[in-house]
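1. Here's my sequence, what's the structure:
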Amino acid sequence: MTTKQIVSTCVYCGAGCQILFTVDTEANRILEATGSEGHSNDGTLCLKGRYGWDFLNDPQILTKRLTSPLLRKNGRQSDLTPVSWDEAVNFVSQRLTDIKKTHGPDSILCTGSARGPGNEANYVMQKFVRACLGTNNVDHCARICHAASVAGLLVSLGSGAMSLSVPEIEEAEVIFNIGYNGPDSHPIVARRIVRARQKGAYIICADPRRTETARIAHKHLQLKGGSNLALANSLAHVIIAENLGDQAFIKDHTKGFDELKKLVQKYTPEYAARITGLNPDEIRATARIYAASKHSVILWGMGVCQFSQGVEVVKALANLGLLTGNFGRRATGVGPVRGQNNVQGACDMGALPNYYPGYQSVTDPAARAKFEAAWGVPLPDKVGLTLTRVPEFVLHPPDKSKQIRAYWIFGEDPAQSDAYLAEMRETLEKLELVIVQDIYMNKTAQYADVILPSTSWGEHDGVYSACDRAFQRIRKLIEPPAGVLTDWEIISRVSTAMGYPMKYRNTEEIWNELINLCPSFKGATYEKLEKLGHIQWPCRSADLSDVGTPFLHRDGNFATKDGKGVFSCAEWQPPVEVENAEYPLTLSTVREVGHYSVRTMTGNCRTLRNLEDEPGWVQMNPKLCNQLGVYHGQLVKISSKRGWCITRCLPTDRVKPDAVYMTYQWWIGACNELTIGSLDPISNTPEYKYCACRVEKIDNQAWAEKYVQNEYQTIRRNMAVTFDRKGGGKAA
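-> Predicted structure coming up:
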């Protein structure tokens, strides 16, 4: 056996942990993963980091690795059959060309991918969309997670990213976690919170559940779901009313204070208590503790963003930092902790309908002229469509000229991850052309006209962006299966076939083109990344002395045009769909510590798959369980106005009696059958965290168990994986 050790960046959450892999080069297999001394992880790993590489060895537990282009040669009702790359590329390029010619470039939408391809592939995709297709219709899964953070912080601070570094978290004096449970979503970041507590930091947790974070917190604000903005406005009210703010900082470095003061005047703790369900004294105490420190940090996750007022909550949280001068130093500021491994990077690369790479606006004539000169073609000046509006523009377009007809889905699975799945299935069925580019069969691929198989993380080189703006290298660990291509090569081949040649030899060549167009990234060369390990943007010089920027807004100089932070405020509004007599409970989606995204990777890792399996669980308060007469492990039916699913009862006193919680990885217990498609009007992020539902007891448990088994087998069979007698999967 010949082995080699290679360091690369983890493919799962946005912490950007470094992993040392031991690879059997003769067998082309990974043998082991251990923690390496990385920027954020200090040699430690979580479950997914330590065991989440097994899918590269293709055990085919859950679904099947794609190793050949697949095409429906006789329309949507025919079977997918293997074809050559030339045939697949010709099919895609000809169909896209025909649709563009007949209906215009804006009838096509493409996604980027935050799940593994790397920054270079996302750069190539958005370049293809803009320069070859001639539209800004490109977006990715940040839209359904931290798009609210980007939109809100751009208004307030001029930069939509985390303002501090992950290591700085443990140096903070106060940490206010709101809608964020690090132990589930970012276990290595959670270690920093624990360390901060051990060093004397005061931990506050605002969350409707008694999460792991709440259990270690000094103060748990168990507010009602959907009341984040009322709490944030009330905290601002107390800071202003009790003169707890940094008046010099407000005067010298901010604007809009008078408008904020006027709006939050009515948000007394007593007024907010009627909305949040919190004790007014607890709100006052929280404001005083946060304002008393000059190293206060606010961390948030999906419990802030996935609401119809997500953007306004982000702005309100930024207000708290501006009021108290908690910006521009180490161990202070705001932290939208990105969920997927490269969701920050896909944003950085311009896989967004309103920004070129480096957050340069598509409506800015100077920025557009620069990219036109570099890419050699005129570029569209209209902001593109977000992916969460695809159902609207397929099923109910404002007029036929604005209908989306082709959807290139790159490393995403909207038939599993998007809200209101029944509507998404109808959308996929009605589209004229569905292109899926991925590593495994998934729910969405079943609707594809053509499937383009790509290399996975571990099979190609590139760069990821961690949640704290840290560029880090990913490295090829093993050779990919025969028959697959890198994502950037697939896109380049299609672009070339459509008449816009894109020729690259490697990812470094792509990266150099990118950083030369983005002043904030210019100094982050491959050479420097190899020497330094990580570089946090902005990094504007290739000189080794420029090591990047650990924290933003130094000395209160913000990234806005005039350098001032902007107070921005809005009235609290209730969630779009609230409880009623027919659906008396609220449903929120949450994270699963052992699985990731839509589970096509972690579900094909033997150790992780053994942690949990179909149909998942619904977290229910014991009082609700007793009321319904259900017990631990029993199958129950959950329904909303949009659909239903079956899952297992998990009694826990961590949740309130009027609310239930589900993770979204499961096929049978698919909570997105229930979630609502209502969007934040600014970020277009769905309100995954609040809808009305009903839980029902299933008297015939034998029938329910058989139903789950049969459904599971049917789905796996449709994905070309069948059950063996032991319940494991094997290729059909």
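2. Report the helix or strand with the lowest average pLDDT across the protein.
-> Lowest on mean pLDDT, DSSP states H and E among the helices and strands of the chain sits strand 729-731, with a mean of 43.
3. helices or strands up against the host helix or strand of residue 229?
-> Element membership of residue 229 [criterion: DSSP states H and E] is helix 228-241. In this structure, helix 228-241 makes packing contacts with strand 174-178, helix 257-264, helix 269-276, helix 280-291, helix 310-324, judged by 3 or more C-beta pairs under 8 Å, 6 or more residues apart in numbering; DSSP states H and E. From N, CA and C alone the C-beta is placed, and that goes for glycine too.
4. just checking, next helix/strand downstream of it?
-> helix 247-253.
5. Helix or strand next in line after that following helix, which one?
-> Heading C-terminal from helix 247-253 (DSSP H and E), you reach strand 254-255.
6. Now tell me what touches that following strand from outside.
-> With contact meaning C-beta atoms under 8 Å, 6 or more residues apart in numbering, strand 254-255 is reached by 322, 562, 564-567.
7. please redo it, this time with the cut-off set to 7 Å
-> 322, 564-567 (C-beta atoms under 7 Å, 6 or more residues apart in numbering).
8. So which of these belong to helices?
-> In helices, defined here by DSSP state H, the members of those are residue 322.
9. about what we covered before: out of the helices and strands packed on helix 228-241, flag the one nearest residue 95.
-> Between residue 95 and these, the shortest gap by C-beta to C-beta is with helix 310-324, which sits at 35.9 Å.
10. If you rank the contacts of strand 254-255 by neighbours, which is first?
-> Highest neighbour count within the contacts of strand 254-255, by other C-beta atoms under 10 Å: residue 322, with 31 neighbours.
11. So residue 450 versus residue 436, what's the distance?
-> Using C-beta to C-beta, to the nearest Å, one obtains 7 Å as the distance from residue 450 to residue 436.
12. ugh, wrong one, I meant residue 597
-> Distance from residue 597 to residue 436, by C-beta to C-beta: 15 Å.
13. show me where the stretch 51-200 of the chain has helices.
-> 85-103, 119-127, 147-157, 182-185, 187-198 (DSSP state H, counting those that start in this stretch).
14. Likewise for the stretch 601-732 of the chain?
-> So, for the stretch 601-732 of the chain - with DSSP H, counting those that start in this stretch - the helices run 606-609, 622-628, 701-718.
15. now those helices in JSON lines, with mean pLDDT, mean neighbour count and distance to residue 518?
-> Formatted as JSON lines, these follow (pLDDT from 0 to 100; neighbours: other C-beta atoms under 10 Å; distance: least, C-beta to C-beta, whole Å):
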{"stretch": "helix 606-609", "mean pLDDT": "86", "mean neighbour count": "18", "distance to residue 518": "36"}
{"stretch": "helix 622-628", "mean pLDDT": "98", "mean neighbour count": "15", "distance to residue 518": "51"}
{"stretch": "helix 701-718", "mean pLDDT": "92", "mean neighbour count": "14", "distance to residue 518": "42"}
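16. re earlier: can you redo the helices and strands packed on helix 228-241 as JSON lines with distance to residue 104?
-> What follows is the helices and strands packed on helix 228-241, written out as JSON lines (distance: least, C-beta to C-beta, whole Å):
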{"stretch": "strand 174-178", "distance to residue 104": "43"}
{"stretch": "helix 257-264", "distance to residue 104": "41"}
{"stretch": "helix 269-276", "distance to residue 104": "46"}
{"stretch": "helix 280-291", "distance to residue 104": "51"}
{"stretch": "helix 310-324", "distance to residue 104": "30"}
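17. looking at the ones you listed, which is buried most?
-> For these, the largest average neighbour count (mean count of other C-beta atoms under 10 Å) is found in helix 310-324, namely a mean of 28.
18. Name the next helix or strand downstream of that one, please.
-> Using DSSP H and E, the next helix or strand after helix 310-324 towards the C-terminus is strand 333-336.
19. can you pull the alpha-carbon coordinates of the helix or strand that that next one is followed by into PDB?
-> Next in sequence after strand 333-336, counting helices and strands by DSSP H and E, comes helix 343-348. Provided in PDB are the C-alpha atoms of helix 343-348 (Å, rounded to 0.1, in the frame of the first residue of the first chain):
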ATOM      1  CA  VAL A 343     -22.200  29.800   0.500                       C
ATOM      2  CA  GLN A 344     -20.000  32.800   1.300                       C
ATOM      3  CA  GLY A 345     -17.900  32.000  -1.700                       C
ATOM      4  CA  ALA A 346     -20.700  31.600  -4.200                       C
ATOM      5  CA  CYS A 347     -21.800  35.100  -3.100                       C
ATOM      6  CA  ASP A 348     -18.200  36.400  -3.400                       C
END
